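Enquirer: Build me a model:
(one chain, ligands or ions: 2)
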Amino acid sequence: MDARNGIGGNPTGTDLRDEIDRLRRERNAIILAHYYQRPEIQDIADFVGDSLDLSRKAAATDADVIAFCGVKFMADTAKILSPDKIVVLPDLRAGCSLEDSCPPDKFAAFRAAHPDHIALTYINCSTEVKALSDVIVTSSSAEKILSQIPLDQKIIFGPDKHLGGYLARKTGRDMLLWPGVCIVHEAFSETELLKLKAKHPGAPVAAHPECPPYILDHADYVGSTSGILDFAAKMPGDILIVATEPHIIHQMEKADPTKNFIGAPGADGNCNCNICPYMAMNTMEKLYIALRDLEPRIEIEEGLRLRAKKSLDAMLAMAGGTVGQGDLGFVTFTADQS
Ligand code: 13P
Ligand code: SF4
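Expert: Numbering: from 1, shown residues only. Ligands and ions are numbered 1, 2, ... in the order given. Okay, here's the model as predicted:
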């Protein structure tokens, strides 16, 4: 088959996979992918994970190039933690509604208005907001990190009000919440979920904490993407209702093709509104081009990178990541980050 028979002369199908493989070897590249990526991208990746696992992988890799198949804040995080690597993102427009909901100037003003609070910030935010934060958390590490912060310490939690609300309800911590939401998880319908539950009596519901409380109230398990996958692998029954981005179901089906994994519905009961439009921007063809041209590349100004790295290092230390727990001394809860 002609290796150059695709759109614009680029390879397609098996040739595309072969070309990506060849370029990966030639460039000494690692392909990192999030569970919300298209199945073909998950299948060609060297590593598929949740936000915390992907951050750890990016920090530890000895590859020269990181081809990051996820959204921009994830690729930015890889560059912050591995500044000497070339980090490419197949489509630079792959943003995140949570990041968009939290402009750095407004966040800085919010922090300044609450000088006695620390900022515990979800990783789904810009590099500038990370630089304005004390500790970054992911959905898989938030509870563990929160438990290490003194009870009398006042906390701003942003930008996801649903994750913040879930943590506040679960731990009893009263946090000041930034009013951001994920458009994908916001689109689930409680009415449709209840109809689906009635159709499959006894089937458990696994939900991501970015879902609104009226969805989480019906969940048997709430956790990060990797936590949900773990639950799917260990649950006793053979039907699971999945209230998160449906591309994760690819991993569930690979792990156990005998079980039935059903995506929770959106408002019209049958829409594609729970597919993350940003994650979907990355395609195999764009991945091939990114490895071929080493573009589009993530670049971050060094001063900003170093300020953002402090809050990410705090996350890795407190989550039990690449920095040992004994190194926690560098985490200083200062409200003044300007
Ligand atoms: P996880 O860290 O659970 O993979 O979540 C990332 C994300 O963007 C969910 O919308
Ligand atoms: Fe952002 Fe939501 Fe997409 Fe995750 S699913 S990347 S939070 S828009």
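Enquirer: Would you map the helices across the stretch 1-150 of the chain?
Expert: 13-26, 39-44, 51-60, 72-81, 97-100, 104-113, 127-131, 142-146 (DSSP state H, counting those that start in this stretch).
Enquirer: So for ligand 2, which of those sits nearest?
Expert: helix 97-100 (4.4 Å; C-beta to the nearest ligand atom). Any C-beta I mention is one placed from the backbone N, CA and C, and that applies to glycine too.
Enquirer: hmm, that closest one in reach of ligand 1?
Expert: No. Helix 97-100 does not reach ligand 1 (C-beta under 6 Å from any ligand atom); its nearest approach is 7.5 Å.
Enquirer: Could you do stretch 231-242 as well?
Expert: No. For stretch 231-242 and ligand 1, the contact criterion (C-beta under 6 Å from any ligand atom) is not met; the two come no nearer than 12.4 Å.
Enquirer: got it, and stretch 18-33?
Expert: No. Judged by C-beta under 6 Å from any ligand atom, stretch 18-33 stays clear of ligand 1, getting no closer than 11.1 Å.
Enquirer: Identify all contacting residues around that stretch.
Expert: 3, 11, 41-42, 44-49, 54, 57-58, 61, 63-70, 78, 284, 287-288, 291-292, 294 (C-beta atoms under 8 Å, 6 or more residues apart in numbering).
Enquirer: Quick check: end-to-end length of it?
Expert: 18 Å (C-alpha to C-alpha, to the nearest Å).
Enquirer: Now that stretch: average pLDDT?
Expert: Stretch 18-33 shows a mean pLDDT of 98.
Enquirer: now swap in stretch 145-161 and tell me
Expert: So the average pLDDT for stretch 145-161 ends up being 97.
Enquirer: Run the chain-centre distance for it.
Expert: Distance of stretch 145-161 from the chain centroid (C-alpha atoms, centre = their mean, to the nearest Å) equals 19 Å.
Enquirer: Okay, buried residues for that stretch please.
Expert: Neighbour-count burial for stretch 145-161, counted by 16 or more other C-beta atoms under 10 Å, picks out 145-146, 149, 154-161.
Enquirer: near ligand 1 at all, it?
Expert: No. No part of stretch 145-161 sits near ligand 1 under the criterion C-beta under 6 Å from any ligand atom; the closest distance found is 8.8 Å.
Enquirer: Would you mind listing the outside residues contacting that stretch?
Expert: Applying C-beta under 8 Å, 6+ apart, the set of residues contacting stretch 145-161 is 98-99, 101-102, 107, 110-111, 114, 116-122, 124-125, 129, 135, 137, 163-164, 167-168, 171, 173, 175-182, 210, 315, 318-319, 328, 333.
Enquirer: circling back to that earlier point, nearest to residue 256, of the helices of the stretch 1-150 of the chain?
Expert: Comparison of the helices of the stretch 1-150 of the chain against residue 256 by C-beta to C-beta identifies helix 39-44 as nearest, at 15.7 Å.
Enquirer: Just name whatever secondary elements the closest one is in contact with.
Expert: Counting contacts by 3 or more C-beta pairs under 8 Å, 6 or more residues apart in numbering; DSSP states H and E, helix 39-44 packs against helix 13-26, strand 29-34, helix 249-255, helix 284-293.
Enquirer: Now that helix: buried residues?
Expert: Result for helix 39-44 [16+ other C-beta under 10 Å]: buried residues 40-42, 44.
Enquirer: any idea which helix or strand carries residue 194?
Expert: helix 190-199 (DSSP states H and E).
Enquirer: strands paired with the next helix or strand after that helix, and their directions?
Expert: Beyond helix 190-199 on the C-terminal side, the first helix or strand identified by DSSP H and E is strand 205-207. Using DSSP bridges, the strands paired with strand 205-207 are strand 221-222 (parallel), strand 239-243 (parallel).
Enquirer: which ones are touching residue 212?
Expert: With C-beta under 8 Å, 6+ apart, residue 212 has these contacts: 162, 181, 185-186, 188.
Enquirer: nope, residue 128 is what I meant
Expert: Residues in contact with residue 128, defined by C-beta under 8 Å, 6+ apart, are 104, 304, 308.
Enquirer: So what's the gap between whatever helix or strand the second one lives in and the chain middle?
Expert: Under the criterion of DSSP H and E, residue 304 resides in helix 302-318. Averaging C-alpha coordinates over helix 302-318 and over its chain gives two centres that are 17 Å apart (C-alpha atoms, centre = their mean).
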